[in-house]
Every structure is written in structure tokens, then in C-alpha cells.
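Undergrad: Give the three-dimensional model of this entry:
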Amino acid sequence: MSLKIVKEVIRMECEAIQALEKRIGDEFQQAVDILLACKGRVIITGLGKSGLIGQKIASTMTSTGTAAIFLHAAEGLHGDLGAVLKGDVVICISKSGTTNEILNLMPLLKRQSVKIISITGNVNSPIAKRSDVVLDASVSSEACPFDLVPTSSTTVTLVLGDALALALFQERGLSVEDFARYHPGGYIGKRHFLKIDDIMRTGNDIAKVCTDTPIPETIIEITSKRLGATCIVDKNDFLVGIITDGDLRRQIEQKKEIWKLSAKDIMTSDPKCIKKGVLAVEALNVMEEHSINQLIVVDNKNDIIGMVHIHDLLKAGLA
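TA: From the prediction side, this is the model:
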């Protein structure tokens with residue numbers, strides 16, 4: 001029985017979206033043009049479940065480059081109307097088109113000379129008649145068996161909001177990089193903006209020894225800096241090699257008396273490096289390509305300015 005109900009709800013909501021697609025016309029372009037010309041912010045208002053959908057639409061717009069905030073219709077009548085400024089555009093969401101709180105707000109909004117777009121299930125309603133543009137979010141019936149619980153109608157409203165947000169995103173010619181800029185803490189943002197300089201170890205945290213440093217001291221440096229490797233430099237502090245935990249293990253496997261050796265005896269010459277200022281994701285790509293866990297960061301003169309371990313990149317959320 002439950003499976004049958006689930007399928008019926010999905011079918012009805014899909015049909016509502018398909019019907020919406022067929023109704024989309026010039027009024028949608030008019031709404032987009034008004035929003036593109038907006039000099040302020042987009043204020044989305046609603047009540048109840050329409051308000052919850054409005055909050056999601058505001059969030060989607062904000063994350064795709066359109067400054068938007070949600071205004072609770074009832075709170076707007078008790079002080080929050082001060083959030084609406086000249087130059088803003090208001091989107092009113094009401095299934096019936098008769099929500100009293102929104103109707104009471106509308107004359108006050110008009111005094112602010114703001115444009116009003118309504119998303120409603122009744123294009124002949126009082127709210128629709130007081131709007132500059134009306135988007136038809138009507139449905140033949142809710143997915144609720146009693147045609148009461150907002151289901152198909154909220155889905156259609158949400159789809160309309162998504163369509164507006166993405167139409168604005170594309171009309172403005174924004175890119176993946178722009179989207180990433182609005183999501184600096186997320187995976188996409190980090191891949192496009194986080195630089196190696198932001199996470200590399202610097203100063204005394206860099207593991208570094210001279211070529212003639214005995215291996216026991218070299219091991220202490222590797223252990224204390226917790227990078228699993230150390231840079232090897234010559235007397236002029238110029239990078240000449242690297243020693244990793246793996247290098248030490250391989251020497252022990254060959255049964256060499258490594259405590260009698262110096263760093264230069266077992267170092268790997270010409271270590272993999274990356275320039276400062278590059279994206280951290282590029283460092284991750286180099287590590288994966290060469291199956292290594294550490295990278296040395298150098299400046300334009302090839303002087304050592306940092307080190308990074310693959311765990312630093314993982315902690316930063318790049319993988």
C-alpha cells in the first residue's frame with residue numbers, strides 16, 4: 001500500500017511540473033528582466049509552507065549571484081519591513097493569492113516604489129492583481145489524497161524559484177569560478193580558490209637538514225616536523241634533494257648501516273616541487289600523479305618557502 005502511495009505522489013508532482021513547463025511564457029522573461037535590472041536586493045516573502053519554499057529560493061539565488069533575503073510576511077508588518085529599500089524587488093509567494101499578511105504588506109511596498117513579482121496558484125487573485133508580474137504556480141490538485149496538504153503546489157513554486165535563479169545566473173554570464181566564489185568553504189570553492197600558500201608549513205615547521213647531516217640527526221628532523229620527509233640543502237641553503245620515510249625504510253631493507261651515512265648518501269636528487277601561489281588542488285594532482293606524499297614549495301628563485309603533506313590537503317577538504 002505504501003509503495004503505491006509513494007508512486008502516486010511522485011507521478012502527480014511530476015505531472016504538475018510538466019504542466020508548469022507548458023505554461024511558461026513571456027511573463028517569466030518579464031520577471032527575469034525586472035530581477036536583472038534590480039539595483040538592490042531581491043526580497044522574498046511568504047507565510048507557512050510558502051514561506052519555507054521562499055527561504056530556499058532566497059538561499060539558491062544568493063548562492064548563484066543574486067543578492068536575496070527572506071522576509072517573513074507577518075514579521076514584515078511588525079518592524080521587519082525596514083529591510084525593504086528603494087531599488088529592491090519583492091517576490092510574493094501565496095498559493096491562494098489571498099494571504100492577508102501579504103495583502104497588508106503590498107500597499108506599504110508600493111510606497112517604497114519597489115517592483116513586485118508574485119508566484120501564486122490563482123492568477124486572478126488580489127495579490128496577483130497588485131503585482132507587476134504574475135507567475136502561474138497553479139496545480140490541478142495536490143498530491144494529498146484530500147487535496148489539502150501543499151505538496152504539488154510547493155514543488156511547482158520551488159521549481160519556478162530554481163528556474164528564476166538559474167536564468168539570472170546564466171543571463172549574467174557567470175561561471176563555475178563565480179559559483180565557487182560564493183561557496184569558499186565548500187568542495188568546489190576550495191578547488192578553485194584555495195592556494196598552496198594557505199595550507200603549506202612555513203618557517204621552523206619546514207623539515208630541512210644539510211647534505212653532511214648524519215642520518216640519525218636527519219631522522220630526528222623528520223620525526224620532529226611530522227612531515228614524513230625532510231629537505232636536503234647545500235651550504236648555501238640551496239635545495240638539492242629530499243629524504244622521505246620511504247627512503248629510510250628502503251635503505252634498512254638493503255641492510256645498510258645507515259647510522260654511518262650522511263643525508264647526501266641516501267637523498268633523492270631533484271625532488272618534486274611546486275611554485276608558491278598555485279592552487280592547492282594542483283599540488284594534490286602532482287602528488288597523485290607521482291604517488292608521493294610530500295611536496296616542497298619554492299618561490300620564483302627556487303628558494304624553499306614551505307612544505308606540504310598530502311594529509312594537509314585532505315584536512316583542507318580537497319579530496
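Undergrad: can you pull the buried residues of stretch 212-231?
TA: 213, 215, 218, 219, 221, 222, 225, 227, 228, 229, 230, 231 (16 or more other Cβ atoms under 10 Å). C-beta here means a position set from N, CA and C on the backbone, and glycine is covered the same way.
Undergrad: So which of those are in strands?
TA: With strands taken from DSSP state E, the overlap with these comprises 229, 230, 231.
Undergrad: need the contact list for the residue lying closest to the last one once chain neighbours are set aside.
TA: This means residue 231. Of all residues not flanking residue 231 in the chain, residue 208 sits nearest, at 4.5 Å (Cβ to Cβ, 6 or more residues apart in numbering). With contact set as Cβ atoms under 8 Å, 6 or more residues apart in numbering, residue 208 has these partners: 221, 230, 231, 232, 233, 304.
Undergrad: same check, this time on residue 94
TA: By Cβ under 8 Å, 6+ apart, residue 94 lies in contact with 46, 47, 50, 102, 118, 119, 120, 121, 125, 127.
Undergrad: Show me how far whichever helix or strand the third one is part of is from its chain's centre.
TA: Following DSSP states H and E, the helix or strand that holds residue 50 is helix 48-63. Chain-centre distance of helix 48-63: 17 Å, with Cα atoms, centre = their mean, to the nearest Å.
Undergrad: any weak-confidence spans in the stretch 51-200 of the chain?
TA: Low-confidence segments of the stretch 51-200 of the chain (pLDDT under 70): 174-192.
Undergrad: Please enumerate the strands of this protein.
TA: Secondary structure of the chain by DSSP E: the strands cover 42-46, 68-72, 89-94, 115-120, 133-136, 208-210, 229-233, 239-244, 268-269, 273-275, 294-298, 304-309.
Undergrad: Just the residues contacting the shortest one, thanks.
TA: This points to strand 268-269. The contact list for strand 268-269 (Cβ under 8 Å, 6+ apart) reads 240, 241, 242, 243, 244, 247.
Undergrad: The same query, at a cut-off of 10 Å, please.
TA: Residues from elsewhere that reach strand 268-269 (Cβ atoms under 10 Å, 6 or more residues apart in numbering): 229, 232, 240, 241, 242, 243, 244, 246, 247, 292.
Undergrad: Distance to residue 66 for the residues you listed - can I get that in a markdown table?
TA: Formatted as a markdown table, the contacts of strand 268-269 follow (distance: Cβ to Cβ, whole Å):
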| residue | distance to residue 66 |
| --- | --- |
| 229 | 47 |
| 232 | 53 |
| 240 | 54 |
| 241 | 53 |
| 242 | 49 |
| 243 | 53 |
| 244 | 49 |
| 246 | 51 |
| 247 | 54 |
| 292 | 43 |
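Undergrad: Name the nearest of these relative to residue 25.
TA: Among the contacts of strand 268-269, residue 292 lies closest to residue 25 (Cβ to Cβ), at 57.8 Å.
Undergrad: pretty sure that closest one is touching residue 247, no?
TA: No: if you go by Cβ atoms under 10 Å, residue 292 and residue 247 don't touch, sitting 11.4 Å apart.
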